[in-house]
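Trainee: From the sequence below, what's the structure:
(2 chains)
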Amino acid sequence: MAMYRPYMVPIAPLTVVLFATIVIGVAATLTAWRARPEPGSLPLVAMLAGQSWWSTCLVFQVQATTLQAKMFWVDISWVGVVVIPVAWLAFALQYTGRDEYLQCRYLVLVSLVPALTIVLALTGEYHDLFYRESRLLVQNGSLRIHRTVGPWFWLITGYTYLLGLFGGIPILSLLSSDARPFRGQSFALLLGTLAPWMSNVFFLLGFYDTSGLDPTPVAFSVSGVAYLAAVTRFRLFGASPSPTHRARRLVFTKMHDGAVVVDRHDTVVDMNEPATEVLGVSPSDALGSPATSVIPSYDDFPSEGALSTPLSIDSDRGVGRYDVSVVPIDDVHDRPLGRVISFHDVSDILRERQRLKVLNRVLRHNLRTEANLIAGYADLLADGDEAHESSLIKERTQRIIDVGDKGRAVVELFERDWSEVEPRDVATLLDSCVTDVAAEYPEASIVVGEAPTNASVLAVLKPVVLNLVENSVEHNSTDVPWVEVSARVVEGTVEIRVVDNGDGIGDYERRVLAQGEESPLEHGSGLGLWLVTWGVDIADGSVTFENRQPSGSVATVRVPNVSVPAEVQAR
Amino acid sequence: MSGEAKEVAGSVSNRAPSQAESTQWFTNPAEGVITAFRYSSAYLAVIAMVQVLLVTTALSLETTLAPAVVGLVTFAVYVGDRIADADTDATTNPERTAFIKRYERVLQHAVSLSYGLAIALAVLGGPVALAITLLPGVFWILYASEWLPSVTSHFRRLKDVLLVNSFVVAFAWALTLTVLPLAFADAPFTPAAAVMFVYFFLGIFVNVEIPNVRDAAGDSEIGVETLPVVLGVHRTRHVLLGIDAFTASVLVAAAVTGVLDAMFVGALLLGLAFSLTVTSLVGRTTKEELLTVAAESEYVVVALALVPFAL
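Mentor: Have a look, this model is predicted:
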């Protein structure tokens, strides 16, 4: 201590500084009060009010002229002194979203020592736990109180520092936040707390001589400015980190997929609620158990990545199929800590796929076979009196076969993995489609217009363009249906246009396609345009339909030019 | 000092001011200052300071920081109230609401700083001065804040309770105006101080109820019970005139018994006559804003009447 040269704190400047401290403290208190019910606002109000109270009592104590009066203001100041650490801890917990620790019973528990401190301070004349001796001294012409502290003083001091430390830890962690406002807020808050804290430490260690006058309230002026800066400059109550702590836990507990955390010894250490349902176990049974006894086929799981085939798990709610993925958890030095295993329920998807397969078989085989039989029986009637009816039956039967073919094409559209099929040259694809439809409708005039060279699209465009051309010919009441198919490259995409002189596409039909879904009351006329819409969707493109004057329609399909690298397309 | 001061600018209108009207506060500095003085309720702070000076004169106290403290507290409490009630005042006071909304951030800082300054100055006056200075803020929380009703369902805002609302406002301000100069001067509470307390209490009570006449329909809709809502305009005017007459009798008695200086009471009676005139116009004029400001200016009339004697 000898290396520090003590200096005296004169009264007049002290009063001026305390005056400023009270102005700033009260202003900051009101500012925090207005921020209610933002997280941390009420504890901050309590803390600032405690600081202002302490400063006010110091002013009254300095102004008091008798020992009794000075003792009274010192004793009564403890009401504010002990509020500060409790409020600081409450603020830190609420502000950082750890309000689960702010339950009433915890607050009461934390406030027991401070409450007892107030009682002991106010009953000081009956014991010497707090202050052993109080004397009035005259120094530099001013009356000063000098008190020899007792054991409780050191206990509450230690307790205050402990709560200050606990409150500082969560705030300190925000200094490294990615969010600039949180870094600013935490810096201002820590500065506002450390200033009086350090002042108190130096006072207790005797680094400067204040003649027994605790200068901590003087440093509250720094606190007030820092807290005001946190509120106004760094939007303390405008950008709050409070949800982030809970949000991270919520993502784990409330996510739709089951998730199990295992440590590096493959012991289950945490699991969310969906995981308990997937695995059919209770957390109390699973936690702490080996993963092999909780998760079926655990030994077959990869150390990282996805399981190649869906995992079947038989639980209380039946047999479920799950995509399993494993994500390693590492520490800051990239040393493994454990893994998170997630279970994504694909039972419904697999069931849907199975249904599509059955539907495909029915459309491909059963429907066509039955329709051909009907057509055959109709042929038997062709030579008789029912020749006209026979023709009608065959015509309608053909329509059924066509619907079946379209349905089958739709099923295949969804069943195939088009990304694995080799892309098609656009010009070749257009020629192929036109040739196919022209063979079916020889009376129609179907031509290929402009077509780019060195442009390719996903193979899924084949059924798309085929259906557009077919649709143009089929819905055409002119004597000579005319269709022109052309394509061009536009900024990394291929634009395919199918123009016809047909009947056009009604507003109602276009509206249903734009909605993307049908209802029993609002639906399209067939499957063709749905196939076009879904196919374009698979190709990550778009399609628009317009009517042209005087008749006909224009279908415009825009899809990525897959001959162009993806990064060029993105630009 | 005013109790409530629910004034509006010009005639009552439901029309929100246009952007051009709002920005005119900037284009004409002189008019801007007057507008700010009017809509921020800064003029109420000046009236409050005049009231404290009247007490200082009546009780022959030394000049202290009390007028400044009361002025700052009045400014803080009323501007704070304007900000808190900006949404509900939008219909009855569109121009003032537009001003408050436009400068809300600045006004909030002004409120915090002025109350902080008031408290710090009061600390220099001692513990009693501090306690008295805290009173308006505490009463405001009990009176108008939604905080206590949100904490406990057993508590109802005093602002919504018949007579209690006006009594609380009148009591809090009358106590502050009368006792704060005493606390600063370290003077005892004398019979003269008691008369000044009664004078302010009754005067502020009347001033609270005058703007309530204009707001009767709105108050009735939102469930705030005031005299005009319960008694009607006609009977309210009679009650207020009766209160003014009672105040006059108290002042005359104080002069006769020598509690207050006769000349000073004469000035107070002059102000009271002004107040009686204003009160008699309640419900009989459409210039309700002017009526409200006139009622609050009663104490300025008293001060002006005393000026020749002070010179």
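
Trainee: so who does residue A:529 touch?
Mentor: Residue A:529 makes contact with A:467, A:471, A:505, A:509, A:513, A:545, according to Cβ atoms under 8 Å, 6 or more residues apart in numbering or on different chains. C-beta: built from backbone N, CA, C; applies to glycine.

Trainee: do residue B:70 as well
Mentor: Counting by Cβ under 8 Å, 6+ apart, residue B:70 makes contact with B:1, B:48-49, B:51-52, B:176-177, B:180.

Trainee: please redo it, this time with the cut-off set to 7 Å
Mentor: By Cβ atoms under 7 Å, 6 or more residues apart in numbering or on different chains, the contact set of residue B:70 is B:48-49, B:52, B:176-177, B:180.

Trainee: Repeat that for residue A:503.
Mentor: Counting by Cβ under 7 Å, 6+ apart, residue A:503 touches A:475-477.

Trainee: Could you tell me which ones among these also sit near chain B?
Mentor: By Cβ under 7 Å from any Cβ of the partner chain, no member of these lies near chain B.

Trainee: Going by neighbour count, which of those comes out on top?
Mentor: Ranked by the number of neighbours (other Cβ atoms under 10 Å in any protein chain shown), the contacts of residue A:503 place residue A:476 first, at 22 neighbours.

Trainee: which SS state does the closest residue to it other than its chain neighbours fall under?
Mentor: With sequence-adjacent residues excluded and distances taken as Cβ to Cβ, 6 or more residues apart in numbering or on different chains, residue A:476 is closest to residue A:502, at 3.5 Å. At residue A:502, secondary structure determined by DSSP: H, G, I helix; E, B strand; the rest coil is coil.

Trainee: before we move on, what about residue A:407?
Mentor: helix.

Trainee: Distance check, the residue nearest to it when sequence neighbours are not counted against residue A:471.
Mentor: Spatial nearest neighbour of residue A:407, chain neighbours left out: residue A:363 (4.6 Å); criterion: Cβ to Cβ, 6+ apart. As judged by Cβ to Cβ, to the nearest Å, residue A:363 and residue A:471 stand 19 Å apart.

Trainee: And residue B:32, by the same measure?
Mentor: 70 Å.

Trainee: Next: residue B:46.
Mentor: Distance from residue B:46 to residue A:471, counting by Cβ to Cβ: 83 Å.

Trainee: cool, and residue A:111?
Mentor: With the distance defined as Cβ to Cβ, residue A:111 ends up 78 Å from residue A:471.

Trainee: go on, residue A:374?
Mentor: Distance from residue A:374 to residue A:471, by Cβ to Cβ: 25 Å.

Trainee: re the thing from before, how many neighbours does the residue nearest to residue A:476 have?
Mentor: Using other Cβ under 10 Å: residue A:502 sits among 22 other residues.

Trainee: Could you do residue A:356 as well?
Mentor: Residue A:356: 15 surrounding residues under other Cβ under 10 Å.

Trainee: Equivalent analysis for the one 4 residues further on, please.
Mentor: Counted by other Cβ under 10 Å, the residues lying close to residue A:360 total 17.

Trainee: so what's residue B:65 up against?
Mentor: Contacts for residue B:65 (Cβ under 7 Å, 6+ apart) come out as B:121, B:124-125, B:184.

Trainee: how does it look with 6 Å?
Mentor: Counting by Cβ atoms under 6 Å, 6 or more residues apart in numbering or on different chains, residue B:65 touches residue B:121.

Trainee: those strands in the stretch 351-500 of chain A, which residues are they?
Mentor: According to DSSP state E, counting those that start in this stretch, the stretch 351-500 of chain A carries its strands in the segments A:424-425, A:445-448, A:456-457, A:482-490, A:493-500.

Trainee: Enumerate the positions of the longest one that are buried.
Mentor: Pointing back at strand A:482-490 there. Residues A:482-487, A:489 are the ones in strand A:482-490 that count as buried (16 or more other Cβ atoms under 10 Å in any protein chain shown).

Trainee: Let me know the closest of those residues to chain B.
Mentor: Nearest to chain B among the buried residues of strand A:482-490: residue A:489, at 49.7 Å, using Cβ to the nearest Cβ.

Trainee: ok, back up a step: with distance to chain B added, can I get the buried residues of strand A:482-490 in TSV?
Mentor: Listed next are the buried residues of strand A:482-490 as TSV, based on distance: Cβ to the nearest Cβ, whole Å:
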residue	distance to chain B
A:482	59
A:483	58
A:484	56
A:485	56
A:486	53
A:487	53
A:489	50
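
Trainee: so what's residue A:428 scoring on pLDDT?
Mentor: Per-residue confidence at residue A:428 stands at 91 (pLDDT).

Trainee: er, residue A:319 I mean
Mentor: On the pLDDT scale, residue A:319 is placed at 80.

Trainee: Equivalent analysis for residue B:172, please.
Mentor: 87.

Trainee: Using the three-state scheme, assign it.
Mentor: Residue B:172 is classified as helix under three-state DSSP.

Trainee: List the contacts of it.
Mentor: B:135-136, B:139.

Trainee: Ramachandran angles for residue A:91?
Mentor: Torsion angles at residue A:91 (phi, psi; degrees, to the nearest 10) stand at phi -60, psi -50.

Trainee: my bad, residue B:85
Mentor: Torsion angles, degrees, to the nearest 10, at residue B:85: phi -100, psi 20.

Trainee: Can you report how many residues lie near it?
Mentor: With other Cβ under 10 Å as criterion, residue B:85 counts 16.

Trainee: returning to that earlier point: give me the more crowded residue out of residue B:32 and residue A:471.
Mentor: residue A:471 (23 against 13).

Trainee: Tally up the residues packed near the closest residue to that one other than its chain neighbours, please.
Mentor: Nearest-residue entry for residue A:471: residue A:528, 4.9 Å, with adjacent residues in sequence omitted and distances by Cβ to Cβ, 6+ apart. The tally of other residues near residue A:528 (other Cβ under 10 Å) stands at 22.

Trainee: doesn't residue A:468 make contact with residue A:528?
Mentor: No - the criterion here is Cβ atoms under 6 Å, and residue A:528 misses it with residue A:468 at 8.2 Å.

Trainee: got the residues of chain B near chain A?
Mentor: Within chain B, the positions near chain A by Cβ under 6 Å from any Cβ of the partner chain are B:112-113, B:115-117, B:119-120, B:123.
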